[in-house]
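Colleague: Okay, predicted coordinates and the sequence, questions at the end:
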Amino acid sequence: MAETLKAELALDARATLGECVRWDARDKLIYWIDIPGKKMHRYDPASGRDDSVELPQEMGCFAQDERGGFIAGMRSGYARINQFGGDITLLTSPDYDPAKARFNDGRCDAAGRFWAGTMWEPRDKAGAYVYCMEADGRFSAKANPVTLSNGITFSLDNKTFTLADTPNHVLWAFDYDIDDAAVSNQRVLRTFDPPQGRPDGACVDAEGNVYIAIFAGGRIEKVSPQGDLLAVIELPAPNITCCTFAGDDLQTLYVTTARVRMTDEELAAKPEAGGLFAIRMPGHHAPGILEPRFAG
């Protein structure tokens, strides 16, 4: 039987749709976003202080830049941000209609490429793609089209890539070649029963296990590289969106949540929805891994 753990509220943020939570080991800060709120947040675990800055459009995902600042996937496409709250420079964008699609989930691989997937907002077809952006700005579509890209991770040995198609309740795994950014051998890693939630953002630990947020499921699932359920982390909020390991030893898991698609009655019953949660993982669980930075 899978181990059951519980995360506790770290910040009563009440975000509409908290997402893309990332640990900055250099500054010892946690960055995260509220997508429809058009805000980027910076949370200091040491003091509990959370600062936020307004964005000109929705940001779906970001990664820290090796040169400082961030590379991001915005509503209209790629952008570079020189620092938190700093200048935003819009870059070349993939060929999609921003009236119907936007960037959603993403992160960098170990070679410093920025992988970011889109979501097809009408949700009536597989109209979303995962794009890989090289350090020199070139980009190309990867993997199969999906309805809503989520759960993008890379294993510690750089041999496995995961991708969730949220509305279709599936987490895929692929073989990954770090040298040429090729994905192949698509297979089902795990499926999810619709009444029990659907897969959202994810991260991996030092043993290759995938921690996957379950939207409308109130939990994080720890899944082995073979797709077996190892542990469940319960939260007092239904819409779980993303997670990351943080701290000097990468043993604390931080989790974003959302208040979207909740009635007034549900919000009254789950007032911590939209908050930032944390759990100190017991010592028998492997620590996380550091997020690679964009090499551009």
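Modeller: Perfect, I can see it now.
Colleague: who touches the closest residue to residue 62 other than its chain neighbours in this structure?
Modeller: The shortest distance from residue 62 to any non-neighbouring residue, by Cβ to Cβ, 6 or more residues apart in numbering, is to residue 72 (4.0 Å). C-beta here means a position set from N, CA and C on the backbone, and glycine is covered the same way. By Cβ atoms under 8 Å, 6 or more residues apart in numbering, the residues touching residue 72 are 59, 61-63, 78-81, 103.
Colleague: could these go into TSV alongside pLDDT, distance to residue 227 and secondary structure?
Modeller: Putting those into TSV (pLDDT from 0 to 100; distance: Cβ to Cβ, whole Å; DSSP: H, G, I helix; E, B strand; the rest coil) gives the following:
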residue	pLDDT	distance to residue 227	secondary structure
59	98	31	strand
61	98	24	strand
62	98	28	strand
63	98	26	strand
78	97	32	strand
79	97	35	strand
80	98	36	strand
81	98	36	strand
103	97	27	strand
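Colleague: Pretty sure residue 115 sits against residue 149.
Modeller: No. Residue 115 is beyond contact range of residue 149, at 9.5 Å (criterion: Cβ atoms under 8 Å).
Colleague: Next, show the common contact partners of these two.
Modeller: Common contacts of residue 115 and residue 149 (Cβ under 8 Å, 6+ apart): residue 130.
Colleague: For the longest strand along the chain, give me every contacting residue.
Modeller: In the chain, with assignment by DSSP state E, the single longest strand is strand 182-191. Strand 182-191 has contacts (Cβ under 8 Å, 6+ apart) with 142-144, 161-162, 169-177, 199, 210, 212, 221, 223, 227, 229.
Colleague: That one pairs with which strands, parallel or anti?
Modeller: As defined by DSSP bridges, the strand partners of strand 182-191 come to strand 170-177 (antiparallel).
Colleague: who are the neighbours in contact with the residue nearest to residue 127 when sequence neighbours are not counted?
Modeller: Nearest residue to residue 127, sequence neighbours excluded (Cβ to Cβ, 6+ apart): residue 120, at 3.5 Å. Shown in contact with residue 120 (Cβ under 8 Å, 6+ apart): 100-101, 126-128, 147-148.
Colleague: Pull out the buried residues from those.
Modeller: Using 16 or more other Cβ atoms under 10 Å as the burial test, these include 101, 127-128, 147-148 as buried.
Colleague: Residue 17: which of those is nearest?
Modeller: For the buried ones among the contacts of residue 120, the residue nearest residue 17 by Cβ to Cβ is residue 148; the value is 12.8 Å.
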